[in-house]
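Novice: model the structure of this input:
(chains A, B and C)
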Amino acid sequence: MSIYESLNPVQQEAVYHTEGPVLILAGAGSGKTRVLTHRIAYLIEEMGVNPWNIMAITFTNKAAEEMRERVDKIVGFGSESIWVSTFHSTCVRILRRYIDRLGFDNNFTIYDTDDQKTLIKDVCKRLDIDTKTYKERNIMAAISKAKEEMITPEEYLLNAGGDYAQKKMAGIYQEYQKQLKKNNALDFDDLLCKTVELFEYNPDVLEYYQNRFRYIMVDEYQDTNTVQFRFISMLAKKYKNLCVVGDDDQSIYKFRGANIQNILGYEKVFPEAKVIKLEQNYRSTGNILNAANMVIRNNKGRKDKTLWTDREEGEKLKLCQCETGYEEAERIVAEIKQLVAGGTYRYSDCALLYRTNAQSRILEEQFVRENIPYKVVGGVNFYARKEIKDLLCYLKTIDNGRDDLAVRRIINVPKRGIGATTIDRVQEYAAEHEMSFYDALRMAEQIPSLGRAASRIIPFVNQIQVLRSKLEFMSLKDFMEEIIASIEYEKEYENEDAEEVAARMENVDELISKLADYEESEEQPTLSGFLEEVALIADIDSLDDSSNRVVLMTLHSAKGLEFPKVFLCGMEDGLFPSYMCITSDDPSDLEEERRLCYVGITRAMDSLTISFAKQRMIRGETQWNKPSRFLKEIPFELFEGMIKENKIKEMPKNNSYASAKQAFQTRAFQPKAFAVNDSKELDYGVGDTVFHIKFGTGIVKEILEGGRDYEVTVEFEKAGVRKMFASFAKLKKL
DNA sequence: CAGCCATATCTTTTT
DNA sequence: GATATGGCTG
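Specialist: Coordinates of the predicted model:
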C-alpha cells in the first residue's frame, strides 16, 4: 500500500494536484501538515522533482523543524536539500548572499525589538523630538506598518501631505533607516522588505531563486502580510507552482499586519487556482468541535465551511466559575493534579491558555505552591533578558564593531566609570568624522572634548581587541567563558540578592550550553552564524514535548499546537475579548478575537475546561467582569453540570494590597450607601453621570466608605461595571 | 558619575 | 504589581 492511501480522498486530491496555484483551506486539526509533507514526498518520488527545487515556508522555527522531521521520515532520499524554513530565515539566507547589491555589508546584524527601541530613542534625541508627545512604541508601530506595506520614508513623507505629525514621523522613519544602514543592521521588517527590494532591482537574482524554487508551499497562509505576500508571489511568478495552506478562521495576527485578504482573495489573484477544503477534523471530540463551530459561525467575513469529525462526542466541556483569579488558579491546578494522579494523563498533556501574558503569574505561583512542573512559553524572551543581551552584545562587538548599539550597551557593563556625557561626546565625534562609534573609541585620545575621560575608554578598547585576537584559537563555548572571566561579569550583580543572581547565572549557563549545542550541530560554526540564529528565535521554538510539564501560554502562541487537555482561562468580557476590542468601533476587531477563541477551543483533543473569575486584579486594579460573550455562543448542552463552587479560599496573605481589598469586601456585605451630599470630598453622588479618563462616561451606582477613601461603583457605557477608589479614579461630574 | 527614590504607564496578542 | 524613566544627592 502506498503512503498516500492513508490519506482521505480530499487530502489525496491536495497531494496529487502538484502543478499550478493551489489553495488548501485547512480547518483546525484537519491534517494539513500531513498533507504538506506527503505532497513533498509525492513531488519527489512520483513526479521526479529535484528536492532542491522545493521550498516550504512556515512562521516559526518550531513549525519548520517539525515539518523537516516529518519530511525526513517519509522522503527516502534527498530531503536535506529541501528548503524548509521561516520567512525570516529564508530572507536572511538570501540577503547574506546578495545584500551587498543594496549597499549593505553581507555580515549585517539583525535588530530585535529592544534594539529598535533604543535606536528610535536615539533618533528622537538627534532630531530633537519629544518622546512624550511621540511615544517610541507608536513610532515603532508606525514604521513597522509602513514597512509591512512597503512604504519608503520618501513615500511616507508624500502621503503625509500637510499633516504635521505625519511629516515628523516621516522624518524619524528616514533617519531611523539611515542609522540602521550606518550600523549595518536590519530590523525584522527589513528582512522581508530588503529581500523584496533586492528582487525588484536585481532581476538576475530573482530569476535565480525563481528557478531554484519551482515548487513553493506556504503554511499558515492566513497570517501573511503584504510584504510576505509580495515576496512569495515574486518567487512563484515564473512557474506558478504555489501551494498555500491556511484557515481564514485562524487568522489572528492582524495587529501584526497580517492581511486576511491574502487568503480570502487568493482566487482573485490566481483565477486558475485549485481550491481544496479539508473539513474533516482528526483532533477533537465531537463536543469540542461543536463548541468551536458554534462560536466561529458568528463571524461574518469568512469562507463557508463546517468541520466535522467521526470521533465520538466525548466528554462534555467543563465550566469552572470562580470568585477570583486566585481561586481560578487554585482549582485548575487542583484538577490537573487529580488528573495526573489518575494515571492516564501526564503533565505535558495539559495546556493552560490565556489571552494575556500577565495572566501567567498567578497561575505560576499556584504551580510552584503545589510543586507541579510547568513551563511558561512567551513573556520575556530568553534572549531579551539583560544578562543574555549584555553578553550577546559583547559577542556582537567582537564580531562586528559596526554595531554601535551593541558597543554602547556594553561600554559601561560592568561599570568602567564611563558616563553619558562621555558617550555623547564620542558619538558626536563619530558622527562628525563619519566613522563608527567603536572606531571613534579606538582613537579616544585624539578626541579633544573627552579630556581625562579618554583614559577610561582605552582599557575597554584594549580588552575588546585582546578578546578579538583570541577568538580564532578557541571554541565558541570557551570563548564565551573567557569573556565572562575577562570582564568579571559577576561584579555587575554583586548588589542584587542571591536568588536573583542565581537565576541570572543559570541563564548565563544556558547561553553557554546553547553555544556548545550550536557548535556541535553546525558543520562550520562561526560567531556570526550563532548570532544570526539567535536573532530569529522565538520562545515557542524551545518547547519540546519530551519533558513532562504543564504548558502555559497565550492563545496566540498556541496556534498550530494540540493538547489532550486544554484549559481556557480568564474567559471574561474585558479580558477575553479584550477591553480594547470591545470598545473599538471596528466590529472586525471582535471577529479577530472570536477567531482567537476558536483557535483556543480547537487546540483541545479530549477535553476542554473553560474558566472565568467574577473578580480579577488587573494592573493593580480589581475588576468585576461578566463572563465572556463567547461563552454564550456555546450551547448550554455541551457543558456538563457546572462544577460546584468551592468555598472561597482565603486570599494570599503576602499581598498587602489584596488584603486591603479583602477588608473592603467584608465591609461590603453591610454597605453603607452615601447620599449625594453626605460626602464632603466627592462632588458627585449615586445616580450622577461621571467621566473617567479611560473608561469614558458612566453612571455612579454606589459609593462606599472605606477608611480614608471612598470606593465608587460606576456603570460605564462601554467598559461595564467598575469599582474604583475615588482618589485614584479622578472622576469628573458631568 | 552612580545610586537612590519618586513617578508614570502599562497590556492584548509576536516573527 | 512591575517596570522604565527622571530627578536628586553624595
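Novice: what about the longest strand seen in chain A, distance to the chain center?
Specialist: Counting by DSSP state E, the longest strand found in chain A is strand A:604-618. The chain centre lies 22 Å from the centre of strand A:604-618; the measure is CA atoms, centre = their mean, to the nearest Å.
Novice: and for stretch A:607-622?
Specialist: The answer for stretch A:607-622 is 22 Å, by CA atoms, centre = their mean.
Novice: can you list the buried residues in it?
Specialist: A:607-618, A:622 (16 or more other CB atoms under 10 Å). For glycine as for every other residue, the C-beta is placed from the backbone atoms N, C-alpha and C.
Novice: same deal with stretch A:481-499?
Specialist: Buried residues in stretch A:481-499 (16+ other CB under 10 Å): A:483-484, A:487, A:489, A:492-493.
Novice: for it, what is the average pLDDT?
Specialist: What stretch A:481-499 shows for mean pLDDT is 80.
Novice: what's the span of that stretch, first residue to last?
Specialist: 22 Å (CA to CA, to the nearest Å).
Novice: name the element the nearest residue to A:Lys477 once chain neighbours are set aside belongs to?
Specialist: Nearest residue to A:Lys477, sequence neighbours excluded (CB to CB, 6 or more residues apart in numbering): A:Ala516, at 4.4 Å. Assigned by DSSP states H and E, A:Ala516 belongs to helix A:498-521.
Novice: next SSE after whatever helix or strand A:Thr195 lives in?
Specialist: A:Thr195 belongs to helix A:188-201 when assigned by DSSP H and E. The helix or strand immediately downstream of helix A:188-201 is helix A:203-212, counting by DSSP H and E.
Novice: just the residues contacting that following helix, thanks.
Specialist: For helix A:203-212, the external contacting residues (CB atoms under 8 Å, 6 or more residues apart in numbering) are A:52-53, A:94, A:98, A:101, A:198-200, A:234-239.
Novice: only whichever of these are buried, select them in ChimeraX.
Specialist: Burial among these is assessed by 16+ other CB under 10 Å; the matching ChimeraX selection reads:
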select /A:53,94,98,198,199,234,235,236,239
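Novice: so which of the contacts of helix A:203-212 comes closest to DNA strand B?
Specialist: The closest of those to DNA strand B turns out to be A:Ile94 (CB to the nearest atom of the strand; 15.4 Å).
Novice: now the closest one: how far from A:Asn107?
Specialist: With distances taken as CB to CB, to the nearest Å, A:Ile94 is found 15 Å from A:Asn107.
Novice: quick one: residues in contact with the host helix or strand of A:Ile263.
Specialist: Using DSSP H and E, A:Ile263 maps to helix A:261-264. Helix A:261-264 is touched from outside by A:23, A:25, A:221-222, A:224-226, A:229, A:244, A:246, A:248, A:251, A:301, A:303, with contacts defined as CB under 8 Å, 6+ apart.
Novice: give me the buried entries from these.
Specialist: Among those, those buried by neighbour count (16+ other CB under 10 Å) are A:23, A:25, A:221-222, A:224-226, A:229, A:244, A:246, A:248, A:251.
Novice: in helices, which of these fall?
Specialist: Judged by DSSP state H, the subset of those located in helices is A:226, A:229.
Novice: which pair of the buried ones among the contacts of helix A:261-264 spans the longest distance?
Specialist: The widest separation within these, taken as CB to CB, falls between A:Leu25 and A:Thr226 and amounts to 20.8 Å.
Novice: quick one: low-confidence parts of chain A?
Specialist: Scanning chain A for pLDDT under 70 picks out A:1, A:641-681, A:692-695, A:705-710, A:718-719, A:723-730.
Novice: counting by contacts, list what the helix or strand that contains A:Arg595 packs against.
Specialist: Element membership for A:Arg595, per DSSP H and E: helix A:587-601. Secondary-structure packing of helix A:587-601 (3 or more CB pairs under 8 Å, 6 or more residues apart in numbering; DSSP states H and E): helix A:286-296, helix A:555-558, strand A:563-568, helix A:579-583.
Novice: could you dump the ones you listed to a markdown table with distance to A:Ile336 and mean neighbour count?
Specialist: Formatted as a markdown table, the helices and strands packed on helix A:587-601 follow (distance: least, CB to CB, whole Å; neighbours: other CB atoms under 10 Å):
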| stretch | distance to A:Ile336 | mean neighbour count |
| --- | --- | --- |
| helix A:286-296 | 18 | 23 |
| helix A:555-558 | 17 | 22 |
| strand A:563-568 | 8 | 24 |
| helix A:579-583 | 29 | 16 |
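Novice: which of the contacts of helix A:261-264 sits closest to A:Phe691?
Specialist: A:Gly301 (34.7 Å).
Novice: helix/strand/coil for that closest one?
Specialist: coil (DSSP: H, G, I helix; E, B strand; the rest coil).
Novice: now the phi/psi pair for it, please.
Specialist: phi -80, psi 80 (degrees, to the nearest 10).
Novice: let's verify the residue nearest to A:Asp100 when sequence neighbours are not counted: helix, strand, or coil?
Specialist: Leaving aside its chain neighbours, A:Asp100 sits nearest to A:Asn106 (5.5 Å; criterion: CB to CB, 6+ apart). A:Asn106 falls in the coil class when you classify it by three-state DSSP.
Novice: A:Asn106 contacts A:Arg97, doesn't it?
Specialist: Yes. Contact criterion CB atoms under 8 Å: A:Asn106 and A:Arg97 qualify, at 7.2 Å.
Novice: how far away is the residue of the stretch 601-734 of chain A found nearest DNA strand C from A:Asp112?
Specialist: Ranked by CB to the nearest atom of the strand, the top residue of the stretch 601-734 of chain A for proximity to DNA strand C is A:Gly620, at 2.8 Å. Computed as CB to CB, the A:Gly620 to A:Asp112 distance reads 29 Å.
Novice: also A:Ala165?
Specialist: Following CB to CB, the distance that separates A:Ala165 from A:Asp112 is 27 Å.
Novice: neighbour count: those two, which is higher?
Specialist: A:Asp112 (18 against 11; other CB atoms under 10 Å).
Novice: which non-adjacent residue is nearest the more buried one?
Specialist: In space, and not counting its chain neighbours, A:Asp112 is closest to A:Ala535: 6.5 Å by CB to CB, 6+ apart.
Novice: and the host helix or strand of A:Glu482, what does it pack onto?
Specialist: Counting by DSSP H and E, the element that carries A:Glu482 is helix A:476-486. The contact analysis (3+ CB pairs under 8 Å, 6+ apart) places helix A:476-486 against helix A:386-399, helix A:454-471, helix A:498-521, helix A:527-535.
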